[in-house]
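Student: A structural model of the following input is requested.
(chains A and B)
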Amino acid sequence: MKLFTAPSFWLKAVPSLALATLLGCASKVPLYDANAAPIVPNSSSNSNATTSAVGAGGVVSGGVISSSALGSVGADPRSIATVRVEDVRNAGAGPAASLTRVVFFDFDSYALRPESRPTLEAHANFLLRNRGSSVKLQGHTDELGGREYNLALGQKRALAVQDALRLLGVPAAQLEATSFGKEKPAAEGGSEAAMAQNRRVELVY
Amino acid sequence: MFRRLVVLVAPVVLTALTLAFSPRSATAQLRVDVSGVGAQQAPLSINRFETSASVRMPGAAPEAVIAANFSRTGLFDVRPSTAAPEAAALRALGTDWAVTGKVDMPAVGRYVLSYQLWDNVRGQAVLSGQAGSSAEAWRHTLHTISDELYQKITGERGAFASRIAYVSVASGQRADKYKIYVAQSDGLGGQVAVSSPLPLMSPAWSPDGQRLAYVSFESQKSVVYVHDLRSGQRREVANFRGNNSAPAWLPSGNELVVSLSRDAVSQLYVVNAQGGGAAPRRISQSNAIDTEAAVSADGRSLYFVSDRGGSPQVYVQALSGGAAQRITFAGDYNISPAVSSLQNAETAVQLAYVARSAGGYSVQLMDLATGSTQGAVQRLGNTRGDERPSFAPNGRMVLYSSGNARASQLWVASSNGRATTPLNTGHDARDAAWEP
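Tutor: Prediction:
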């Protein structure tokens, strides 16, 4: 008995118990993976970790779907957990914060760099799984050159991103290509490093 | 080399011949050589205006403002003087013209300016005038007087009492970070027409001078507005999918040419100045960027920037339709055209634009005979980082800005290349437009 009252026991035991609980959950879907299989409503075999639903039953409503993980080992069957449904229309957050929302361009160019491809694929996946979401593709240039011509160049950059997303299957209705030209630099100063930061398209949800 | 010389000399010779056979008395006009590069400047004396000790001037001295105005045109060799205001004394100065005047203050805050123009060759006064002014209108009154003197000497209308509009950008994040000012032609007296925390650009004057069109990003994208200056009322005239920018008025004042990217890449369209969202009428035909339209005063020709040939260059096409012809051939980057006609040379068209070279961006001036697409080019001013030239209403001066994203200033260059003057607006100034 003394074992179960000793603080040191619990310090070691609780994490292990928690781990066992999690491992006992039916689903193997990791935390908000953009490449994960689509969520099926009211399925007891999936869990969506953007909500904290643990209790029995699932709720489907408008936005992100929360559902239950049955048979959670160690949970008190009489307790209930709060379901917080997130409306994607109001969330405005778009995809996970860890997904970069900017792609960069070379001087005088609106060609997509090869290294931008994974980023754009991730955004396309998000948009395909969230048909109510739309993204503004905002093109920018560095400070060199005319204001109006740069506005048009920034638009060509935004269109290059738009075309790439269209080719990945995203409907036009979810995309709008606009440009700020050289009017809204991300980096101040006239150095080449600053200008490289300014030649970009931002994906704004 | 010889061809260049002919192009430069021909207008001078032609003008001299024209004036020699003109039915009007051309005495005054002959002495102000209104044509071509390397023109002679007419010597002009400006006397210190007389005043009594009890009069306190509410602003700059009249002779200073008038002298600065005349100097900016590049047409005059302005010399300050203090000769007695009578024919013989003024003639003895040896200049072609003299301006004299006086300031009276009949009541507190009320001023009367008397002024005379003397033709020193004929040895007599040729103009005598009087203008009343409040303290607030002081500088504007001096510009009006300058216009009257200028018109008498050259036969052309003056541009000193006209207005300019420009964008000013403050540092840091503020509700009024971006402002469009309306100011006097020398850059002073600016009043804010509109301010915004998000960018404003490309102000463009309506033909009647009562409205400004401009681009605002206040809704997170470029939208063209038309803004009535007196009432402050404004309306959207182009808010289509994608970019809406580069407004340029048609002479009727009822329509504007704008650059829209609604059909993918930027093309030129005509929209109604009343707004309303009706379908715009497309007037350019290319698969490239077409933008920065400039309409000739007679409304017949459209100058614009296109990179259909692989790099941005200036083109011209008839507004009634037809193919576009390229005008700029030097260098790989020529943008921001402005077009003007000189009042006294009905067949001449001037085109100002910005050219990029190894040294940076600088304003150029090209003389074009009507219908021509090739012309002599001279560089204006001596700065790099130049932006958006705009002609004075009489075509004699070109307003532009120079600087970079962080700091910018306005300049005026005379179209004969003889005078380049910085304007002191008191703050950052860029993206300017001269009232038509």
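Student: After the longest helix that chain A contains, which helix or strand is next?
Tutor: As assigned by DSSP state H, the longest helix anywhere in chain A is helix A:147-167. Going down the chain from helix A:147-167, the next helix or strand is strand A:175-181, by DSSP states H and E.
Student: just checking, what packs against that following strand?
Tutor: Using 3 or more C-beta pairs under 8 Å, 6 or more residues apart in numbering or on different chains; DSSP states H and E, the elements in contact with strand A:175-181 are strand A:135-140, helix A:147-167. Placement of C-beta: from N, CA and C, glycine included.
Student: for the residue nearest to residue B:283 when sequence neighbours are not counted, phi and psi?
Tutor: Leaving aside its chain neighbours, residue B:283 sits nearest to residue B:268 (5.2 Å; criterion: C-beta to C-beta, 6 or more residues apart in numbering or on different chains). Note on residue B:268: its backbone torsions stand at phi -90, psi 140 [degrees, to the nearest 10].
Student: Quick check: the gap between residue B:268 and chain A.
Tutor: Computed as C-beta to the nearest C-beta, to the nearest Å, the residue B:268 to chain A distance reads 11 Å.
Student: What's the local residue count around that residue?
Tutor: Number of residues near residue B:268 (other C-beta atoms under 10 Å in any protein chain shown) recorded here: 26.
Student: can you pull up the bridge partners for it?
Tutor: With DSSP bridges applied, residue B:268 shows beta-bridge pairing to residue B:259.
Student: now swap in residue B:44 and tell me
Tutor: Counting by DSSP bridges, residue B:44 is bridged to residue B:78, residue B:97.
Student: I figured it hits residue B:94, correct?
Tutor: No: the pair residue B:44 / residue B:94 is not scored as a contact, 11.4 Å apart, by C-beta atoms under 8 Å.
Student: of these two, who's got more company?
Tutor: Neighbours were counted for residue B:44 and for residue B:94 using other C-beta under 10 Å; residue B:44 has more, 26 against 10.
Student: coming back round to it: any idea how far the residue nearest to residue B:283 is from residue B:246?
Tutor: From residue B:268 over to residue B:246 the distance is 8 Å, taken as C-beta to C-beta, to the nearest Å.
Student: try residue B:385
Tutor: 20 Å.
Student: Who has more neighbours out of those two?
Tutor: Legend: neighbour count by other C-beta under 10 Å for residue B:385 and residue B:246, higher for residue B:246 (33 against 18).
Student: quick one, helices of chain B?
Tutor: Assigned by DSSP H, the helices in chain B fall at B:2-20, B:27-30, B:62-72, B:87-91, B:138-154.
Student: Could you tell me the least trusted of these?
Tutor: Lowest mean pLDDT within the helices of chain B: helix B:27-30, a mean of 38.
Student: Can I get stretch B:420-436 in CSV, CA atoms only?
Tutor: What follows is stretch B:420-436 as a C-alpha-only set of coordinates in CSV (Å, rounded to 0.1, in the frame of the first residue of the first chain):
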residue,chain,number,x,y,z
THR,B,420,15.8,71.4,-62.8
THR,B,421,14.4,72.4,-59.5
PRO,B,422,13.7,70.4,-56.3
LEU,B,423,10.3,71.1,-54.6
ASN,B,424,10.2,71.4,-50.9
THR,B,425,6.8,69.9,-49.8
GLY,B,426,8.0,69.5,-46.2
HIS,B,427,7.6,65.7,-46.1
ASP,B,428,8.0,62.5,-48.2
ALA,B,429,6.5,63.0,-51.7
ARG,B,430,6.2,60.6,-54.6
ASP,B,431,3.9,59.4,-57.4
ALA,B,432,2.8,62.9,-58.4
ALA,B,433,0.4,64.2,-61.0
TRP,B,434,0.0,67.8,-62.3
GLU,B,435,-3.5,69.1,-62.9
PRO,B,436,-4.4,69.3,-66.6
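Student: Tell me the gap between that stretch and the middle of its chain.
Tutor: With C-alpha atoms, centre = their mean, to the nearest Å as the basis, stretch B:420-436 stands 10 Å off its chain's centre.
Student: And the residue nearest the centre of chain B?
Tutor: Among the residues of chain B, the one closest to the centroid is residue B:392, at 2.4 Å (C-alpha atoms, centre = their mean).
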